[in-house]
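Engineer: need the 3D shape of this:
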Amino acid sequence: MKRNRRSRWHRGLRLIAAVLALPVLYTAASLILPLIPGPSLYLSEPDLSGGPARTIGLLQGPIHTDILFPLTPETRARFAFAEAAGVPVTHPDAEWLMFGWGSAAFYTTAGTYADITASAVLTAITGDDAVIRLDVTGPLPPLENLRYLTISEAQYQALLTRATGAMASQTALDHPGLTGLDAFYPATGTFHAFRTCNVWLGETLRASGIPFGLWTPANWSVTLALDWHH
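Structural biologist: Numbers count the residues shown, from 1 in each chain. I've put the predicted structure just below:
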């Protein structure tokens, strides 16, 4: 009996150790894997020759990174459908389209940290439907959390195509948004702890021929990938 109890105790300790090790391993991977170049994910190996032609922005919040597309006539036309949901992409003062992918339960409620609920966090970690948020902004001052990338025309077109292809529908969700100028749309894919909004960002950049880290689950992972690969 004592030997059985001792065996169960040892198994319990090993289980506890394994559970405690998971966050450490996750954090370590989030610091190391961004430094490793990820595959381009390009299926057709398009011609990326030619000098840089376009500039995009990457705007980081506390836990999430948005892609900023310059609102050129082409981009305004491509996202003109968002006007129906109140996103003023054709307004003359709008200079950037903010494009983000994330968890439906978490993203649609997280205007501030005070809005975040435990149930939304648990749903996001374990697996949730994805949504895309579109918003616009005018001229942006220099910001510590704003980075710009200058990319080729082919990379820019591939990025636009990849981003719009992640939208499952051009009909906005019945949700008030977070700023009064934004809207949420159904997205393809599933959000979970190992495929976060920032992992999706890395996949999308690499799929557009833009070098980026292998796995970037957190904002610090995105920063590391930007510093290392750009």
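
Engineer: mind exporting stretch 171-184 as CSV, just the C-alpha atoms?
Structural biologist: In CSV, the C-alpha atoms belonging to stretch 171-184 read as follows (Å, rounded to 0.1, in the frame of the first residue of the first chain):
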residue,chain,number,x,y,z
THR,A,171,-21.0,41.4,-44.6
ALA,A,172,-20.1,42.8,-41.2
LEU,A,173,-21.0,41.1,-37.9
ASP,A,174,-23.9,42.6,-35.9
HIS,A,175,-21.5,44.3,-33.4
PRO,A,176,-21.0,48.0,-32.5
GLY,A,177,-17.2,47.9,-32.9
LEU,A,178,-14.7,49.5,-30.6
THR,A,179,-14.2,53.0,-32.0
GLY,A,180,-17.4,53.9,-33.8
LEU,A,181,-15.5,53.8,-37.1
ASP,A,182,-14.7,50.1,-37.2
ALA,A,183,-16.4,46.9,-38.0
PHE,A,184,-15.9,43.2,-37.5
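
Engineer: please point out which parts of it sit buried.
Structural biologist: A172, L173, H175, G177, L178, L181, D182, A183, F184 (16 or more other Cβ atoms under 10 Å). In this view, the C-beta of every residue, glycine as well, is placed from N, C-alpha and C.

Engineer: mind listing which of the residues you listed are in strands?
Structural biologist: A183, F184 (DSSP state E).

Engineer: tabulate the buried residues of stretch 171-184 (a markdown table), appending distance to Q60.
Structural biologist: Shown next, in a markdown table, are these (distance: Cβ to Cβ, whole Å):
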| residue | distance to Q60 |
| --- | --- |
| A172 | 25 |
| L173 | 24 |
| H175 | 23 |
| G177 | 20 |
| L178 | 16 |
| L181 | 20 |
| D182 | 17 |
| A183 | 21 |
| F184 | 20 |
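
Engineer: which of the buried residues of stretch 171-184 sit farthest apart?
Structural biologist: L173 and L181 (15.4 Å; Cβ to Cβ).

Engineer: helices of the protein, residue ranges please.
Structural biologist: 2-32, 73-78, 104-107, 118-126, 153-165, 197-207, 219-229 (DSSP state H).

Engineer: just put those in a markdown table and tack on distance to L134 and mean neighbour count.
Structural biologist: Shown next, in a markdown table, are the helices of the chain (distance: least, Cβ to Cβ, whole Å; neighbours: other Cβ atoms under 10 Å):
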| stretch | distance to L134 | mean neighbour count |
| --- | --- | --- |
| helix 2-32 | 27 | 11 |
| helix 73-78 | 11 | 14 |
| helix 104-107 | 12 | 22 |
| helix 118-126 | 20 | 14 |
| helix 153-165 | 10 | 18 |
| helix 197-207 | 14 | 24 |
| helix 219-229 | 20 | 19 |
